[in-house]
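Enquirer: Got a predicted model here, sequence first, then my questions.
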Amino acid sequence: MRTALVALALLVSGGVQAQDFPGFARQAAAGPHPVMEVLQPHPVRLPGFATTRIELRAGECGAPCPADTERAEMVESGPGLAPGTPAFTALSLFIPRGTLATPDLTVTLARLMQGEAVLLTIEWRPGGLFATGPALGDDRLVVPDQMLTQCWHDILIDQFWSAGPDGRFALWVNGQRVVQRSGANAVAGAAVRLAYGLSRRPVSAWTARTGARPPTQVAYFAAVRRDADRGQVDIDLRVR
């Protein structure tokens, strides 16, 4: 029944046409709670858009599990995005008010990877939501703490990964352009993949300071899409 509802939501939203991802592999603990497809009364970005609820509990980590890390993530499967292929990637995320911050931990909500190299990371750490990685060149605060929880945040990426001078990268958060860069930004030959969810580390720092395990954290993700046409992935269904 749940599968049918999710399929219906995607059809209503037009997400089937816009979504260029062949699928995502779950890297999370066993059981239904780490990754769930939900509808209202859970937070939803827009009616008709399927929403994924990610829940990370202390001690949980999907295989393969990096050292000193807890995580529940969805990782792009299939061939990935080949360098030299222009594309826009979009996702919306929501952190409910009841999800506690963990100041000793870096909480990763989304990342773009080329093999083992991380090109872009969206992180929650003291101060708010940050974008970081070699695609940007430095850290950017994109959503301050006081504006972070209990509302949706829309992320839009314009990317042309290249080892040459024709590479480009631009990032918008909530309709505001954060960065626009050109030039070499990737190596040749290796595909770029998206991962989203909750991943936090170093867990030992939290335990050393508090004497306890990290709290359960929850985040919602919606409208995770990739397409060559910006109009197909922009959450407002218009070019800003």
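Expert: Happy to help now that I have it. Numbering: from 1, shown residues only.

Enquirer: Assign a three-state SS to R193, would you?
Expert: Secondary structure state of R193, per DSSP: H, G, I helix; E, B strand; the rest coil, is strand.

Enquirer: Quick check: it touching V75?
Expert: Yes - assessed by Cβ atoms under 8 Å, R193 is found in contact with V75 at 6.8 Å. The C-beta positions use only the backbone N, C-alpha and C, and glycine is treated the same way.

Enquirer: Between these two, which has more neighbouring residues?
Expert: Of the pair R193 and V75, R193 is the one with more neighbours under other Cβ atoms under 10 Å, namely 20 against 16.

Enquirer: Just the buried residues of stretch 56-66, please?
Expert: For stretch 56-66, a neighbour-count test (16 or more other Cβ atoms under 10 Å) marks L56, R57, E60, C61, G62 as buried.

Enquirer: my guess is the first one meets A72, correct?
Expert: By that I understand L56. Yes - if you go by Cβ under 8 Å, L56 and A72 touch, sitting 4.6 Å apart.

Enquirer: what is in contact with the two at once?
Expert: Counting by Cβ atoms under 8 Å, 6 or more residues apart in numbering, the contacts common to L56 and A72 are P34, G197, L198, S199.

Enquirer: and the last one, how many neighbours?
Expert: Spelled out, that is S199. Neighbour count of S199, defined by other Cβ under 10 Å: 27.

Enquirer: per-residue confidence at M1?
Expert: Looking at M1, its pLDDT stands at 40.

Enquirer: One more: the one 5 residues further on?
Expert: Each residue has a pLDDT score; the one for V6 is 37.

Enquirer: residues near R213, how many?
Expert: R213: 13 neighbours (other Cβ under 10 Å).

Enquirer: how much space between A205 and W172?
Expert: Using Cβ to Cβ, to the nearest Å, one gets 32 Å for the distance from A205 to W172.

Enquirer: quick one, which of those two is more surrounded?
Expert: Using other Cβ under 10 Å, the more surrounded residue of A205 and W172 is W172, with 21 against 16.

Enquirer: what sits against that one?
Expert: W172 is in contact with D154, I155, L156, I157, V178, R240, counting by Cβ under 8 Å, 6+ apart.

Enquirer: what's the answer for C151, then?
Expert: F94.

Enquirer: cool, and P79?
Expert: By Cβ under 8 Å, 6+ apart, the residues touching P79 are P22, A191.

Enquirer: hang on, T207 packs against R200?
Expert: No - in this structure, T207 is not within contact of R200 by Cβ under 8 Å, at 12.0 Å.

Enquirer: re the thing from before, out of the buried residues of stretch 56-66, which are inside strands?
Expert: Using DSSP state E, the members of the buried residues of stretch 56-66 that fall within strands are L56.

Enquirer: biggest separation within the buried residues of stretch 56-66, which pair?
Expert: Maximum pairwise distance in those, criterion Cβ to Cβ, is 12.2 Å, between R57 and G62.
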